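Visitor: no sequence for this one, just the structure:
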């Protein structure tokens, strides 16, 4: 079985687009959460979000051919991959001569994404719906809706909001002709994508895999859905303090957006081309709760099994793990269940292992969250420092682990675990290890 390493990282986040600049902001405990500007949210219970600011795709891609109509989430994905590809020291994209010179076989380069749907044209969609509603019979005229939708809605924009489109654009952008897949397992999607990409490399079906995810749900439908689930924080008066994982006064997560991408390679391929290795992926675990579509198993057994599978896959014990990057959403159910799951897996070592959630600063990037958080683990290993859980001012007695509250901490970090748990009961854990 091939060993798998990470050689490139890139992200587009609510806190910026550059790896080093965002990392330093996280260590300083800064926030990417503010008032929502992508649409008028003033009538919503939640009027804050973690938006990607100051983003133009042309700042990241020199040639936009084929990507002119790409949706917001797809643009994030393209930019993050461009950054990760450059970080990995791979031949310049589109430079066929360079690719041939460097013996990069694009038939052996694959993509596995955990990407969500794009933004529907809300104005046109609702206009067609309202105009085709028959108040006298309290029914909907489907034929009239279809006629209006054909007039009002743009076919390219509607196509671009399909969740497979980021993958399509990345294949076009990179020329990758190997395995190409996308999963949408809610908040666990990009962690699952990276884990499954690792398995593809392990069994020898590719030499390089692009893994990660992209998502943007900061639109009326996205916010309406999460508000109706009572999952979002409505602490609108102080946006940077609204995301409060593990705090007694937490009131839900803050919706974010963005993309995170990693370049995964077999160790043999990376060493052959002299790549700088950032970390090794040593463990992956994936389970389902089989419980409810929006609730976790209250005993946290799906999360427990995902962590245990990842540990077994890595050949490590809980005492070997120096840091857990928690899913840590700031919802009462998730934080309590994850805390209990960590206690179950780590037993007497639980309180000795630092845990933190960057969602306290970054917001929840949904399908992109896991990839961004895994990159955080790689940086924690590189710099031997733990990012904090901000806004942890009043500890919850039921959440009694070491959450690195409110201030970054220097620490030994040779092995890090990243957890992602999605609506619908999908649980995924990846373990990365210092190289060398």
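Guide: It's in. Nothing here was measured: the structure is a model prediction, and the numbers come from that model. Residues are numbered from 1 along each chain as shown.

Visitor: the domain parsing of this protein - what is it?
Guide: 4-119+161-433, 122-157 (automatic domain parsing).

Visitor: Please work out which of these is packed deepest.
Guide: domain 4-119+161-433 (a mean of 21; mean count of other CB atoms under 10 Å). Backbone N, C-alpha and C define where each C-beta goes, glycine included.

Visitor: Pull the contacting residues for the residue nearest to residue 50 when sequence neighbours are not counted.
Guide: Leaving aside its chain neighbours, residue 50 sits nearest to residue 363 (2.7 Å; criterion: CB to CB, 6 or more residues apart in numbering). Listed by CB atoms under 8 Å, 6 or more residues apart in numbering, the contact partners of residue 363 are 14, 32, 33, 49, 50, 243, 253, 254, 255, 256.

Visitor: Which single one of those residues is nearest to residue 423?
Guide: residue 253 (11.2 Å; CB to CB).

Visitor: hang on, that closest one packs against residue 231?
Guide: Yes: counting by CB atoms under 8 Å, residue 253 touches residue 231, with 6.3 Å between them.

Visitor: which residues do the two both contact?
Guide: residue 331.

Visitor: any chance you could map the helices in the stretch 1-150 of the chain?
Guide: Ranges of helices within the stretch 1-150 of the chain are 19-27, 72-87, 96-101, 122-131, 142-152, based on DSSP state H, counting those that start in this stretch.

Visitor: Quick one: closest of the ones you listed to residue 279.
Guide: helix 72-87 (12.6 Å).

Visitor: low-scoring stretches of the chain, by residue?
Guide: Applying pLDDT under 70 to the chain picks out residues 94-103.

Visitor: most remote residue from it's center?
Guide: Farthest-out residue of the chain from its mean C-alpha position, per CA atoms, centre = their mean: residue 136, at 45.7 Å.

Visitor: rewinding a little: using CSV, lay out the helices of the stretch 1-150 of the chain together with distance to residue 370.
Guide: What follows is these, written out as CSV (distance: least, CB to CB, whole Å):
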stretch, distance to residue 370
helix 19-27, 16
helix 72-87, 13
helix 96-101, 30
helix 122-131, 27
helix 142-152, 34
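
Visitor: Between these, which one is closest to residue 308.
Guide: Nearest of the helices of the stretch 1-150 of the chain (CB to CB): helix 19-27, 28.5 Å.

Visitor: other SSEs contacting the closest one?
Guide: Counting contacts by 3 or more CB pairs under 8 Å, 6 or more residues apart in numbering; DSSP states H and E, helix 19-27 packs against strand 4-12, helix 359-362, helix 369-383.

Visitor: go again using 10 Å as the cut-off
Guide: Packing contacts for helix 19-27, counted by 3 or more CB pairs under 10 Å, 6 or more residues apart in numbering; DSSP states H and E, involve strand 4-12, helix 72-87, helix 359-362, helix 369-383, strand 385-386.

Visitor: tell me the angle of the first one relative to helix 72-87?
Guide: Read it as strand 4-12. With axes from the mean of the first three to the mean of the last three CA atoms, to 10 degrees applied, the angle from strand 4-12 to helix 72-87 works out at 130 degrees.

Visitor: Pull up the pairing partners for strand 4-12, direction included.
Guide: Using DSSP bridges, the strands paired with strand 4-12 are strand 257-266 (antiparallel), strand 279-288 (antiparallel).

Visitor: could I get those as TSV with distance to residue 350?
Guide: Converted to TSV, these look like this (distance: least, CB to CB, whole Å):
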stretch	distance to residue 350
strand 257-266	27
strand 279-288	18
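
Visitor: For residue 208, name its beta-bridge partners.
Guide: residue 109, residue 265.

Visitor: mind listing what residue 83 touches?
Guide: For residue 83, the contacting residues are 8, 9, 10, 11, 12, 17, 18, 19, 60, 259, 261, by CB atoms under 10 Å, 6 or more residues apart in numbering.

Visitor: give me that answer again for 8 Å
Guide: 9, 10, 11, 12, 17, 19, 60, 261.

Visitor: which stretches of the stretch 151-300 of the chain form strands?
Guide: 180-182, 208-216, 257-266, 279-288 (DSSP state E, counting those that start in this stretch).

Visitor: and of the ones you listed, who's closest to residue 127?
Guide: For residue 127, the closest of the strands of the stretch 151-300 of the chain is strand 208-216, at 21.9 Å, according to CB to CB.

Visitor: Tell me the helices and strands packed up against that closest one.
Guide: By 3+ CB pairs under 8 Å, 6+ apart, strand 208-216 packs against helix 72-87, strand 109-113, helix 165-174, helix 189-202, strand 257-266, helix 369-383.

Visitor: Between these, which one is closest to residue 44.
Guide: The closest of those to residue 44 is strand 257-266. By CB to CB, the value is 16.2 Å.

Visitor: centre of the chain versus the closest one, how much separation?
Guide: For strand 257-266, the distance from its own C-alpha centre to the chain's C-alpha centre is 9 Å (CA atoms, centre = their mean, to the nearest Å).

Visitor: same deal with stretch 225-240?
Guide: 19 Å.

Visitor: Need the max-distance pair from the contacts of residue 83.
Guide: Once CB to CB is applied, the contacts of residue 83 give 9 and 60 as the farthest pair, at 14.7 Å.

Visitor: Quote the end-to-end distance of stretch 273-286.
Guide: End-to-end distance for stretch 273-286: 31 Å, by CA to CA, to the nearest Å.

Visitor: just stretch 154-171 next, same as before
Guide: Termini of stretch 154-171 sit 24 Å apart (CA to CA).

Visitor: centre of the chain versus it, how much separation?
Guide: Centre-to-centre, stretch 154-171 and its host chain are 19 Å apart (CA atoms, centre = their mean).

Visitor: related to what we said a few turns ago, select, out of the helices and strands packed on strand 208-216, the one closest to residue 65.
Guide: helix 165-174 (9.0 Å).

Visitor: Okay, angle between the closest one and strand 208-216 too, please.
Guide: Going by the same axes, to 10 degrees, helix 165-174 makes 140 degrees with strand 208-216.

Visitor: I'd like to know which elements helix 165-174 is packed against.
Guide: Where contact means 3+ CB pairs under 8 Å, 6+ apart, helix 165-174 is packed against helix 72-87, strand 109-113, strand 180-182, strand 208-216.

Visitor: Quick check: which of the ones you listed is nearest to residue 385?
Guide: When the helices and strands packed on helix 165-174 are ranked by proximity to residue 385 (CB to CB), helix 72-87 comes first, at 19.6 Å.

Visitor: Please name the spatially closest residue to residue 190 (chain neighbours excluded).
Guide: Closest residue to residue 190 apart from its sequence neighbours, by CB to CB, 6+ apart: residue 213 at 2.8 Å.

Visitor: Pull the contacting residues for the closest residue to residue 284 other than its chain neighbours.
Guide: Among residues not flanking residue 284 along the chain, residue 195 sits closest, at 3.8 Å (CB to CB, 6+ apart). Residue 195 sits next to 284, 285, 286, 428, 430 when contact means CB under 8 Å, 6+ apart.

Visitor: Right, I'll leave it there.
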